[in-house]
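J.: below are the sequence and a predicted model for it; my questions follow.
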Amino acid sequence: MELDKDLRSVQETRTLLCQAEAAFQTLRTFRQEQLDAITEAISRAGSENAAMLGKMACEETSFGNARDKEAKNRFAAERVYRAIRGMKTVGILREDREKRVWDVGVPVGVIAGIVPSTNPTSTVIYKAMIALKAGSPIVFSPHPHAVQCTMKAAELISRAAEAAGCPKGAIGCIPT
């Protein structure tokens, strides 16, 4: 029996959320250095695939042009990465001994990443970096007119993140 599109989407989302929650149980134990290595790997994968993803996004959505989409992908992968590279996001972030106050960074859990049709691939790159930098998995919901390029971006950065030690399921994308 074939599920209709809505039922299939609901089941795919449930499956991805379960995988992300399992990944979260591991991610929440990671030290800053481990999260930084994952973030760097995502940045590198985004940069290395910027042109191909830009072309895919332009062709699938009919928005913009491939060169500008590539530039946005590079900006997300390189400039956003440089902005967050040295940032501490987990553990004790700041301590004020005089006031006896500590700021403590903790992962928040699974994040829902909404992806627009206007910038589908660059959005996946930077949202995955900032989520994983903070130790939280992310599941992307692509715009219906940008599913293939969004899926490809998520697949590429997920593979790179896993090669850097990220648990499987920490980056997901709803296919339907």
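T.: Received it, and whenever you're ready, just let me know what you need.
J.: now do whichever strand or helix holds T15: which elements does it pack against?
T.: Assigned by DSSP states H and E, T15 falls within helix 5-27. The contact analysis (3 or more CB pairs under 8 Å, 6 or more residues apart in numbering; DSSP states H and E) places helix 5-27 against strand 138-141, strand 171-173. (C-beta placed from N, C-alpha, C; glycine too.)
J.: distance from the last one to the middle of the chain?
T.: Taking the mean C-alpha point of strand 171-173 and that of its whole chain, the gap between them comes to 7 Å (CA atoms, centre = their mean, to the nearest Å).
J.: try the longest one
T.: Centroid separation between strand 138-141 and its chain, computed with CA atoms, centre = their mean, is 7 Å.
J.: neighbouring contacts of it?
T.: Here strand 138-141 makes contact (CB atoms under 8 Å, 6 or more residues apart in numbering) with 13, 16-17, 20, 110-115, 124, 127-128, 131-132, 150, 154, 170-174.
J.: same question for stretch 9-20.
T.: 3, 110, 137-139, 168-170, 172-176.
J.: would JSON lines of those with pLDDT and distance to M87 be doable?
T.: As requested, the contacts of stretch 9-20 are exported to JSON lines (pLDDT from 0 to 100; distance: CB to CB, whole Å):
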{"residue": "L3", "pLDDT": "70", "distance to M87": "42"}
{"residue": "V110", "pLDDT": "98", "distance to M87": "21"}
{"residue": "P137", "pLDDT": "98", "distance to M87": "19"}
{"residue": "I138", "pLDDT": "98", "distance to M87": "17"}
{"residue": "V139", "pLDDT": "98", "distance to M87": "23"}
{"residue": "K168", "pLDDT": "98", "distance to M87": "25"}
{"residue": "G169", "pLDDT": "98", "distance to M87": "25"}
{"residue": "A170", "pLDDT": "98", "distance to M87": "19"}
{"residue": "G172", "pLDDT": "98", "distance to M87": "24"}
{"residue": "C173", "pLDDT": "98", "distance to M87": "25"}
{"residue": "I174", "pLDDT": "97", "distance to M87": "29"}
{"residue": "P175", "pLDDT": "95", "distance to M87": "32"}
{"residue": "T176", "pLDDT": "92", "distance to M87": "35"}
